Each structure stands twice: as C-alpha cells, then as structure tokens.
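Enquirer: Starting from these lines, generate the structure:
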Amino acid sequence: MGAPSRYQSVIEEMARWELAPGDAGYPEPLLDLGDEAPVLHGYGDPSALLGECISIIGARKASPYGKTCAKMAGRAAAECGITVVSGGAVGCDQCAGNSALDAGGKTVVIPGCGADRVYPSSSDELFARAVSHGGCVVSLEHWGAPPARYTFVRRNNVIAALSSVLVVCEAGRPSGTFHTATKAAELGRKVYAVPGSIFSANSRGTNWLIESGASAVIDEESLEGLIALDYGRLRSQVESHDLPRGKLLDALVASPMRADEISVFLGLGLPQTLAVLAEQEALGLVCRLPDARFAPTEAALVGHNVGS
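Expert: Here you go, the predicted model:
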C-alpha cells in the first residue's frame, strides 16, 4: 500500500463536518435545488460556503487557451475577494482553483467522490491547499464513496447552485460543463462564457451560451467589469488623485448615463469607472436609477450649484 496523499495527511489533523438543509451554516443557495438539496460532508472551513462565491468550470481536456482563461478568471475572482468554486477536475477546474490560491484567495472544491478521498489523483495538491487556506473540500457523497458517473451529475448541480455566477471557460456541446451551465441558468444564476474559435469543439458550448444570452468574457477587463457589476467588488483601487470626480458630476448633471457611457466619457477602463462610481455612491453624491443609469443626488446638485 502506497503512502497517503498530501491531502489525506492534511485532513488527518482536521475534524470533518456535515451540514444538512435546515442546519445553521447550511448554504442558502442550495435550497433552490428543492428536494435535491443535499447533505454536505466536508473538511476545511465550512464558512467558505457562506461568503460570495463564483463557480469557474470548463473542459477536462482543455486547450492551452481554456486553461489560460481559467487561470485568469480564478486570479481575478480571488483578487476581488470572491471564493472560487470548482469540481477539482483535470483541466480548467484545476487551473481556476490553483490560480485563486496563488493569488491569496480561497477555493471550494466539490469532487464526485467522498470528501475524504482524492479524485482525480492529480488534484491532490489542490485539495490540500484548499482546506489549508480558508476554503474547503465538500462532497454530496458519504465518507469513502468512490467516484461514479451519477455522482458527477449531482455535484455539477451543486456547483451551479452554490454561486450567483457561473463562469464557463471552455465547453463542448453536449458535455458535463454545458449541462452545469444550463442548470445554472435554470436556477436563475448568471452565466459568463468565454468565446472561442468556431472551429474548436471545446468552444461550441461557450459560443452557444453567448448566443443564448450569457455574458461574454472577451478579455480580462470585461471580466473585471462583470464582477464589479454583479458582486459590487473591485479588483484594485485607483489612487484618489487619479479619479476625475468633478468631470463626472459635471456630466451627470447634464444627463444621467450608464457605466459604459461614463467609461467612454472619462476615458477610463470600466473597472476604474466603477471605482469612481462606487466611491461617489458611498459619499452620497451619485445614485443608481432603476434603468441602471447613474445620476447625481440632491446633495451633489446642491454642492454643484454652490461651487458654480
């Protein structure tokens, strides 16, 4: 019998836990699965399931392009303080989880086997790092359960339900990744997808998702912008002296604008623009209208008139 894996060595020193629907600490988003809301078995910090999460998935036989996109997404999410959720599979899952950890973030791994086992074996390091750095490994299956075809379908539904957003880096059609994305949409979660070549089988699913209404991740900046809009999290703060607040208020006094219009007007990237808007909202100078445009508040208008 071979030596235990690193993950198994790490969890020997940890208490395992279980959470059932109705228990304190059970993640509320999973209740959207109704009667299929599972009992959870895990190691690590279960509170990682309660914070803001983003699920990042993709093809197991991922191309270099898909793996790079998964790394980018994992890093960006971690730097925004959002926990990355994946299945820990070969390919995009491993890349997203490890990239989040490399950036100092947390990751939740949901394997298709018992939480006290490692599958695939190449994810041993990812599992160990997840439970050692504020995240967890959580399973729907009983302790010691081996991976089986049906367990992956069940866990994919949980990956879809747990996060408010699902990012698909690469996906064939049909595929397990594509099934997870359609389940997320059925549950009312937002889906981001990375477009790819029309000649790549690994991009048939993501291209179809975009055509069907998923938000397209066309570059790193667009991903940052989507995260900022959906989570209210900014990846990096811009120095205050670089923010053209006066110019912004002058423009909004004339006419309310959407964030993308403000970005063009100010000549800033969308993440920087959202940083300006978030700060101005916090100061009570800008408000968001029901149609998603931004406008100056009454306090801002009074100050603007006084200063004019």
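Enquirer: Next up, the contacts around the nearest residue to Ala115 once chain neighbours are set aside.
Expert: Here the nearest residue to Ala115 in space, its sequence neighbours aside, is Ser139; by CB to CB, 6 or more residues apart in numbering that works out to 4.0 Å. All C-beta atoms are positioned from the backbone trio N, CA, C, and that covers glycine. Contacts for Ser139 (CB atoms under 8 Å, 6 or more residues apart in numbering) come out as Leu40, His41, Gly42, Ile110, Pro111, Cys113, Gly114, Ala115, Ala145, Arg155.
Enquirer: repeat for Val109
Expert: Contacts of Val109 (CB under 8 Å, 6+ apart): Ser86, Gly87, Gly88, Gly97, Ser123, Leu126, Phe127, Ala130, Gly135, Cys136, Val137, Val138.
Enquirer: Any chance of a markdown table for those, columns distance to Ser263 and neighbour count?
Expert: Shown next, in a markdown table, are these (distance: CB to CB, whole Å; neighbours: other CB atoms under 10 Å):
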| residue | distance to Ser263 | neighbour count |
| --- | --- | --- |
| Ser86 | 31 | 30 |
| Gly87 | 35 | 28 |
| Gly88 | 36 | 26 |
| Gly97 | 31 | 33 |
| Ser123 | 39 | 25 |
| Leu126 | 36 | 26 |
| Phe127 | 40 | 29 |
| Ala130 | 36 | 31 |
| Gly135 | 33 | 27 |
| Cys136 | 37 | 25 |
| Val137 | 40 | 28 |
| Val138 | 38 | 29 |
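Enquirer: Next step: those residues restricted to strands.
Expert: Counting by DSSP state E, those place Ser86, Cys136, Val137, Val138 in strands.
Enquirer: Nearest to Ser5, out of the residues you listed: which one, please.
Expert: Closest approach between the ones in strands among the contacts of Val109 and Ser5, by CB to CB: Val137, at 12.1 Å.
Enquirer: Surely that closest one and Leu40 touch.
Expert: No: contact criterion CB atoms under 8 Å: Val137 and Leu40 do not qualify, at 10.6 Å.
Enquirer: Grab the nearest non-local neighbour of Val286.
Expert: Gln280 (3.8 Å).
Enquirer: quick one: pLDDT of that neighbour?
Expert: In this model, Gln280 is scored at 80, pLDDT.
Enquirer: dump the residue contacts of it.
Expert: Neighbours of Gln280 in contact, by CB under 8 Å, 6+ apart: Arg245, Leu248, Leu249, Val286, Ala300.
Enquirer: If you rank the contacts of Ser139 by neighbours, which is first?
Expert: Each of the contacts of Ser139 was scored by neighbours using other CB atoms under 10 Å; the highest score is Ala115's, at 30 neighbours.
Enquirer: Following the chain onward from the helix or strand hosting Thr182, which element is next?
Expert: Using DSSP states H and E, Thr182 falls within helix 176-186. Downstream of helix 176-186, the next assigned helix or strand under DSSP H and E is strand 190-193.
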